[in-house]
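**Q** Dropping a prediction and its sequence here:
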Amino acid sequence: MKLTLTLICSIIFASLQAQPCRQNYSQSMEQGKQYLNSNPPEFKKALTEFQAAQIAARECGFSTAEPAAQLKKVFDGLQRQREQAIDDRKIAEREKQNAQAATARAKIEADKALKAKAIADDERKKASTALEQQRRADSAKEFATAKSKEAEIAKHKAEQRLDSIKALYDEKTLLVIANTKGAPEQLDSNYMTSIFRGEIIRWSSSVKVTTALISPETELGAKIAQSIFHINKERIARYFRMLEYQGGQYSLFNSATQLEEYISQTPGAIGMINRAPTSPNVRIVSIQTKAKAIK
């Protein structure tokens with residue numbers, strides 16, 4: 001009888017002790033489900049509640065698989081949340097790259113627009129000055145017409161002067177000619193000979209002397225070589241090479257026309273031909289001596 005009472009009391013006592021455990025278990029499970037089913041789900045809070053429910057079940061001494069099942073849902077949800085976060089980050093990176101590319105394109109388009117504006121402004125400036133340019137062109141045309149008339153008059157006078165000069169010389173006369181920049185209008189005969197022999201390499205104006213001669217292979221060139229260097233044409237080529245080695249500068253031509261053209265284009269150039277020059281950049285150099293005529 002006493003044993004029975006003792007057993008009954010133990011059962012009642014155990015039942016009283018189990019009631020708080022079950023209450024904690026139920027509350028944790030209920031709270032965990034609310035967190036799990038909320039929108040959006042609060043997985044971390046649900047995880048805490050279902051773990052508390054597992055502990056309460058162990059303390060109460062009963063076996064149940066429900067907390068573990070709910071915890072699996074929580075872990076699955078956390079995994080999906082993590083994967084979604086990774087996908088969202090990838091999407092954000094792509095959007096960032098697209099935005100950067102769009103910004104770069106926009107900058108390029110802006111630069112193009114600025115260049116187009118600059119071109120348009122330039123065209124407007126050109127258009128605004130077109131009338132002024134036309135007026136200037138008309139004035140320049142009138143000026144050119146007047147200058148053309150003056151040039152015709154000057155040409156006519158030059159031709160008259162040339163005819164007068166030609167009348168002073170026959171085909172057998174040798175004339176010293178030079179570019180208008182370099183040689184003076186008059187030279188002493190000894191000084192002239194020193195120039196042609198390469199003994200003087202610069203004019204008093206510091207312009208470099210360049211000697212132009214008719215090739216000694218021609219009749220005129222042989223005559224000039226004899227007049228200046230007093231040697232025959234067989235020795236003149238060797239003599240020229242020696243002068244070049246010493247620093248002199250010579251240019252040979254096959255005709256008086258070629259020589260005159262070269263002198264007209266070369267400041268400091270001097271030469272000798274058998275006729276009066278025709279180029280405006282070439283003048284006759286007067287040789288101040290009457291003791292020997294260069295013929």
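**A** Right, received. Where do you want to start?
**Q** Wait, a helix at residue 283?
**A** No - assignment of residue 283 by DSSP: H, G, I helix; E, B strand; the rest coil gives strand, placing it outside any helix.
**Q** From residue 204, how far out is it?
**A** 16 Å (C-beta to C-beta, to the nearest Å). (Each C-beta comes from the backbone N, C-alpha and C, glycine too.)
**Q** Of the two, give the one with the bigger neighbour count.
**A** Each of residue 283 and residue 204 has its neighbours counted (other C-beta atoms under 10 Å); residue 283 has more, 17 against 9.
**Q** Count residues in the vicinity of the closest residue to the more buried one other than its chain neighbours, would you?
**A** Excluding its sequence neighbours, the residue lying closest to residue 283 (C-beta to C-beta, 6 or more residues apart in numbering) is residue 180, at 5.6 Å. Using other C-beta under 10 Å, residue 180 has 14 other residues around it.
**Q** my read: residue 180 touches residue 277, true?
**A** No - between residue 180 and residue 277 there is no contact under C-beta atoms under 8 Å: 10.5 Å.
**Q** shared neighbours, the two?
**A** residue 283 (C-beta atoms under 8 Å, 6 or more residues apart in numbering).
**Q** What about the residue nearest to residue 283? Give its phi and psi, please.
**A** Per-residue torsions, residue 180: phi -60, psi -20 (degrees, to the nearest 10).
**Q** Could you measure from it over to residue 250?
**A** 21 Å.
**Q** now residue 274: how far from residue 173?
**A** Counting by C-beta to C-beta, the gap from residue 274 to residue 173 is 7 Å.
**Q** So these two - more neighbours on which side?
**A** Higher neighbour count among residue 274 and residue 173: residue 274, with 18 against 14, using other C-beta under 10 Å.
**Q** Provide the secondary structure category for residue 34.
**A** Three-state call for residue 34 (three-state DSSP): helix.
**Q** which residues sit in contact with it?
**A** Counted by C-beta under 8 Å, 6+ apart, residue 34 has zero contacts.
**Q** mind checking pLDDT for it?
**A** Residue 34 is assigned a predicted lDDT (pLDDT) of 92.
**Q** What distance do you get for it to residue 275?
**A** Separation of residue 34 from residue 275 (C-beta to C-beta): 125 Å.
**Q** what's the helix or strand for residue 177?
**A** strand 175-179 (DSSP states H and E).
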